[in-house]
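*Asks:* For reference, the sequence and a predicted model appear below.
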Amino acid sequence: MTTHRDQKFLMSNPELSHQFETLDQQAEASSLGMWVFLVTEALFFGGLFLLYTIYRLKFPEIFMECSKLMDLRLGAINTGILLTSSLTMVFAVHSSEKAEKNSTVIWILVTMLLGIAFLSIKGFEYHQKVTEHLVPGPTFQLDSMHYREAQIFFSLYFAMTGLHALHMIVGLGVLAVIAAMASAGRFTRTYSNPVHIVGLYWHFIDIIWIFLFPLLYLIGNR
Amino acid sequence: MEHEPMTKFAYFKIYLLLMALLALTVGAVYVNLGPWNSLVAMAIAIAKALLVFLFFMHARYSARLIWIYAALAVIWIAQLIAGVLADVTMRG
């Protein structure tokens, strides 16, 4: 250990923050930090998953009826877009670890474009729900005797997909930051932690959507 | 730590598997399986989440400590839901 410390003072590696002994330790600390954050994020969404579970058990038929009002085609396309963006994200991480500056930047930008495509389709779906009078509140209209309970489903739909979309917008922001860092040549073969941890965050958002899709679009059969 | 032995092609194969699972879960909606429809949809979602977790998030090649944290997320959500449902479902 002292040898590492001596080396650190002798060479003062600019990639190594002073509180760490080695680059590996630094990389592990940054990953673990992101994982701890993701655990809190999982519990943040967990509250909504809990509410969803309670009301779905209370009104199973109404949830099934409402799920059929979702645009399955757009939901499936968006799931495909998000899965593809996870692939382009791992390509960005892969390229950054090899210090391939241009391909790192390109894959991050492709990931961002896919994220924007997802949000655009989500926005279009929200617009559809507005024109179909499916937004909970005084304008809500549904030819069903359960229109009050149906509003619970749509409230959860907007809360869950809205919180998810908010996370994607934050994701686009941090992707823009690492794209700028990458194009400034900040990443090397020994240091690419920021790309790695932004990747973890992006995949986490993907996993949340992987569960939202069946819970909202795929109840029962059509 | 992140000595990931995966190639771009290996990632692409995982991606193809994810897209196949997506096609499967959408296709299953058009088959009447009764209460099994929701179980199949959730089982496929768990499979997809595991693929993303293990390979895209590099969990497979990560330290044990990271596995402990990831497991905590699952355990705490399960505990949250199970604990509250134990009350909600037992009310008269």
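*Replies:* Received, thanks.
*Asks:* For the chain, which segments count as helices?
*Replies:* Since you didn't name a chain, this refers to chain A. Counting by DSSP state H, one finds helices in chain A at the ranges A:2-11, A:23-58, A:60-67, A:72-97, A:101-131, A:147-183, A:193-217.
*Asks:* wait, chain B
*Replies:* Across chain B, reading from the start of the chain, the helices by DSSP H fall at B:8-28, B:36-51, B:64-88.
*Asks:* Just send these back as CSV, with mean neighbour count, distance to A:I207 and mean pLDDT too.
*Replies:* No exception for glycine: its C-beta is placed from N, CA and C like everyone else's. Conversion of the helices of chain B to CSV gives the following (neighbours: other Cβ atoms under 10 Å in any protein chain shown; distance: least, Cβ to Cβ, whole Å; pLDDT from 0 to 100):
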stretch, mean neighbour count, distance to A:I207, mean pLDDT
helix B:8-28, 16, 11, 97
helix B:36-51, 18, 5, 97
helix B:64-88, 14, 10, 95
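*Asks:* Just the pLDDT for A:F204.
*Replies:* At A:F204 the predicted local confidence, pLDDT, stands at 98.
*Asks:* Oh, that last question was meant for A:Q19, not what I typed.
*Replies:* A:Q19 is assigned a pLDDT of 91 by the prediction.
*Asks:* Just list the residues touching the closest residue to B:V84 other than its chain neighbours, thanks.
*Replies:* When the adjacent residues along the chain are set aside, B:V84 lies closest to A:L50, with 5.8 Å between them (Cβ to Cβ, 6 or more residues apart in numbering or on different chains). By Cβ atoms under 8 Å, 6 or more residues apart in numbering or on different chains, the residues touching A:L50 are B:80-81, B:84.
*Asks:* could you dump the residues you listed to TSV with distance to A:F63?
*Replies:* Listed next are these as TSV, based on distance: Cβ to Cβ, whole Å:
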residue	distance to A:F63
B:L80	20
B:I81	16
B:V84	18
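*Asks:* Let me know the closest of these to A:K129.
*Replies:* Nearest to A:K129 among these, counting by Cβ to Cβ, is B:I81 at 26.9 Å.
*Asks:* That closest one reaches A:F49, doesn't it?
*Replies:* Yes: contact criterion Cβ atoms under 8 Å: B:I81 and A:F49 qualify, at 6.8 Å.
*Asks:* Tell me which of the helices of chain A sits nearest to B:L22.
*Replies:* Ranking those by proximity to B:L22 (Cβ to Cβ) places helix A:72-97 first, at 5.5 Å.
*Asks:* Let me know the angle separating the closest one from helix B:8-28.
*Replies:* Here the directions of helix A:72-97 and helix B:8-28 differ by 170 degrees (axes from the mean of the first three to the mean of the last three Cα atoms, to 10 degrees).
*Asks:* Good, we can wrap up now.
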